[in-house]
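Asks: Take this sequence and fold it.
(one chain, ligands or ions: 1)
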Amino acid sequence: MENLSKSYTTGIFKKQQFKAVDDVTFTIAPGETLGLVGESGCGKSTLARAILRLITPSKGRVFFKGRDVAAAGTRELNKIRGKMQIIFQHPETALNPRLRIYDSITEPMRIQNVVSDRAEERERVSALLEQVGLYEEHLTRYPHELSGGQIQRVVLARILSLHPEFIVADEPTSMLDVSVQAQVLNIFKEIQQKYDISYLFISHDLEVVRWMSDCMAVMYKGRIVEIGPTEDVYQNPQHPYTTLLVDAFTSFNNGREETTEVAVMSREIEPGGCRYAPFCSAASAACDEVPELKEVTRGHYAACRHV
Ligand SMILES: Nc1ncnc2c1ncn2[C@@H]1O[C@H](COP(=O)(O)OP(=O)(O)OP(=O)(O)O)[C@@H](O)[C@H]1O
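Replies: Model (predicted):
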């Protein structure tokens, strides 16, 4: 990703541009998982969709194996799409409710012509079922006849049918209960090891990201504020927002009530105030410590002695 941005126009009477993703640059190596964390509304899903060109980025470029996804024509994009896949949070909306599971799994293979006949198709489906821990009896059912965890397995089988090389997983297990979550995460890991797949793994759960990811990126208000090897970021956060995130999470996990930090994280920043006000001890008022830096910038953060 190179300087990727996505703006939305909001408002009915007074139209305003709002940057949901702001100048994001990073690289994911083959077989690597980059975890993406950040609070609700910070732009994670917008980024995920812009990467796959499910929405058109306002600025910037996305390269997949050297090919510019943002500039690809329809035919090239279709080819790339087979190799770059996405799995969403809500399993119940992921599959066509009117298709039996067998047809849901084979639909992309048929569209992309990856099998030559029905016999090969059935063989492929059997192999996929085994990989994701499903059984033949599931194939004749409809999505509403499966559990959330089983549906996410079907979605994975469907995705794997096209031999993907990069998968964006947007909160894929957050709607599942904890024991099922662990099973599905294990499948993600197994197929990654087997096929050398790269993941952009999005979650609000720091522990999940820590377990899944080689590197971790922290997103705040559309920007990546910190990125690095997961354990370095987790153990030694450099950005105040990451510190808050890790501390809040650790406190939560320790069963202590640390409501103040969470409250600080979600506080609205005064218009014209310091972007970093939530991390600044003068947080309740707009920070005018560095008045010449009217724009909310990293420079302000560096120069603000309230931090
Ligand atoms: N189509 C749209 N038009 C206008 N604003 C949008 C649109 N889609 C998303 N937004 C806004 O962009 C911001 C980022 O949304 P996004 O869904 O990317 O956040 P997120 O980090 O994935 O949140 P969550 O973790 O809750 O899913 C939010 O303020 C959201 O309201």
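
Asks: Tell me which residue of the stretch 101-250 of the chain lies closest to the ligand.
Replies: Nearest residue of the stretch 101-250 of the chain to the ligand: His204, at 5.7 Å (CB to the nearest ligand atom). C-beta: built from backbone N, CA, C; applies to glycine.

Asks: Hmm, Lys79 and Phe64 touching each other?
Replies: No. Between Phe64 and Lys79 no contact is recorded; they are 10.2 Å apart, counting by CB atoms under 8 Å.

Asks: These two: which is more packed in?
Replies: More crowded of Phe64 and Lys79, by other CB atoms under 10 Å: Phe64, with 18 against 12.

Asks: Report the beta-bridge partners for that one.
Replies: Arg67 (DSSP bridges).

Asks: how close does it get to Gly82?
Replies: As judged by CB to CB, to the nearest Å, Phe64 and Gly82 stand 11 Å apart.

Asks: same check, this time on Met212
Replies: For Met212, the distance to Gly82 - CB to CB - is 24 Å.

Asks: likewise Lys189?
Replies: As judged by CB to CB, Lys189 and Gly82 stand 22 Å apart.

Asks: and those two? which has more neighbours close in?
Replies: A count of neighbours by other CB under 10 Å puts Gly82 above the other of Lys189 and Gly82, at 18 against 13.

Asks: and the gap between the more buried one and the ligand?
Replies: 25 Å (CB to the nearest ligand atom, to the nearest Å).

Asks: is it true that that residue touches Glu165?
Replies: No. Contact criterion CB under 8 Å: Gly82 and Glu165 do not qualify, at 9.4 Å.

Asks: What's the local residue count around Gly60?
Replies: By other CB under 10 Å, 17 other residues sit near Gly60.

Asks: can you confirm it is in a strand?
Replies: Yes. With DSSP: H, G, I helix; E, B strand; the rest coil as the criterion, Gly60 is part of a strand.

Asks: Now for it: which residues touch it?
Replies: Residues in contact with Gly60 (CB atoms under 8 Å, 6 or more residues apart in numbering) are 1-5, 23-25, 70.

Asks: pLDDT value on the closest residue in space to it that isn't next to it in sequence, please?
Replies: Of all residues not flanking Gly60 in the chain, Leu4 sits nearest, at 3.6 Å (CB to CB, 6 or more residues apart in numbering). You'll see Leu4 listed with a pLDDT of 95.

Asks: you'd agree Leu4 is up against Ile51?
Replies: Yes. If you go by CB under 8 Å, Leu4 and Ile51 touch, sitting 7.3 Å apart.

Asks: circling back to that earlier point, and the contacts of Gly60, which are buried?
Replies: 1, 4-5, 24, 70 (16 or more other CB atoms under 10 Å).

Asks: Quick one: those as a markdown table, columns for distance to Arg141 too.
Replies: Formatted as a markdown table, the buried ones among the contacts of Gly60 follow (distance: CB to CB, whole Å):
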| residue | distance to Arg141 |
| --- | --- |
| Met1 | 38 |
| Leu4 | 39 |
| Ser5 | 43 |
| Val24 | 40 |
| Ala70 | 39 |
